[in-house]
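Trainee: Build me a model from this:
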Amino acid sequence: MTYQPVILMPARACALALAVSIAVGCAAKPTPVPPAPPPWLIKLTRDDAGNDMFEVYGLDIQRLGRFAADKPTVDQWRSWFWVKVQGADAPPLLGEYVVDKDRLSFRPRFPLVPGLSYQATIEQGLMPGTVPPKPMQVFEVSKPALPPPAEIAAVYPTADALPENLLKFYIHFTGPMRHGEAYEHIRLLNAAGEEIERAFLKLGEELWDRSGQPSHF
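Mentor: As a prediction, this is how the structure comes out:
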């Protein structure tokens, strides 16, 4: 018959071992490290004159500088970078390419259209092994907020009774109005709520002021 030796530990030692065990079990989990940003970047911004401009970072600037020194054509520039309307079967946008000390800038010839999305693609010039090899980014040009609809602010004269041969009504609106359609939206009603036929003399030119707000009938 064999016996296994029994080792007795003092109570203080047992408490210390238990505390160490609890501390190890409650240790905070390591904070995950976010992935490194891509070695390239495309930005949609505006130049000092307020014109739309795409900026491309992360390209081989030395190689790009040698390429620009040969005065490439627009088609040759597109072998590096180009922009088109997303989802449209259309050619890349026309514009000007400029090489700066740390980026390639592309200024479209015409302003970008609010409400459309534009696809910007880097074709070459990145470091070997870049994923994806031809990065693409989509930019949506938001529409400006529309002003509130115009309303009638006042109608003159304001008297309760008017002469039959009144020459003019003055209608003031809260905002500019579209010209050429005034008579389609103006009616004169009698006391019974019925429309009075031929109440207005329809002129070839509507009498708007320069702001497009007051009109004369």
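
Trainee: which SS state does Arg63 fall under?
Mentor: helix (DSSP: H, G, I helix; E, B strand; the rest coil).

Trainee: Apart from its chain neighbours, what residue comes closest to it?
Mentor: Gly125 (6.5 Å; C-beta to C-beta, 6 or more residues apart in numbering). Backbone N, C-alpha and C define where each C-beta goes, glycine included.

Trainee: quick one: contacts of stretch 56-65?
Mentor: For stretch 56-65, contacts defined as C-beta atoms under 8 Å, 6 or more residues apart in numbering pick out 38-43, 80-81, 99, 101-106, 120, 122, 125-127.

Trainee: nope, stretch 115-130 is what I meant
Mentor: Applying C-beta under 8 Å, 6+ apart, the set of residues contacting stretch 115-130 is 38-40, 42, 44, 54, 56, 58-60, 63-64, 78-87, 93, 104, 112, 133-143.

Trainee: domain ranges for this protein?
Mentor: Listed by automatic domain parsing, the domain ranges of the chain are 41-140, 147-217.

Trainee: I'd like those as TSV, with distance to Pro30 and mean pLDDT appended.
Mentor: Shown next, in TSV, are those (distance: least, C-beta to C-beta, whole Å; pLDDT from 0 to 100):
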stretch	distance to Pro30	mean pLDDT
domain 41-140	26	91
domain 147-217	53	80
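
Trainee: Please identify the most buried of the ones you listed.
Mentor: Across these, averaging neighbours per residue (mean count of other C-beta atoms under 10 Å) puts domain 41-140 on top, at a mean of 14.

Trainee: measure that one end to end?
Mentor: The straight-line separation of the ends of domain 41-140 (C-alpha to C-alpha, to the nearest Å) is 16 Å.

Trainee: Likewise for stretch 168-184?
Mentor: For stretch 168-184, the end-to-end distance is 17 Å (C-alpha to C-alpha).

Trainee: just to revisit the earlier point, sec struct for the residue nearest to Arg63, please.
Mentor: Following three-state DSSP, we place Gly125 in the coil state.

Trainee: the helices in this structure, which residues?
Mentor: 11-25, 61-69, 74-77 (DSSP state H).

Trainee: Rebuild the domains of the chain as JSON lines, extending it with distance to Lys29.
Mentor: Output for those, formatted as JSON lines (distance: least, C-beta to C-beta, whole Å):
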{"stretch": "domain 41-140", "distance to Lys29": "29"}
{"stretch": "domain 147-217", "distance to Lys29": "53"}
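
Trainee: how about the ones you listed, which one is nearest Thr31?
Mentor: Across the domains of the chain, Thr31 has its closest neighbour in domain 41-140 (24.9 Å, C-beta to C-beta).

Trainee: quick one: the closest one to chain centroid distance?
Mentor: Put simply, domain 41-140 sits 18 Å off its chain's centre (C-alpha atoms, centre = their mean, to the nearest Å).

Trainee: do stretch 197-213 as well
Mentor: So, by C-alpha atoms, centre = their mean, the centroid of stretch 197-213 is 39 Å from its chain's centroid.
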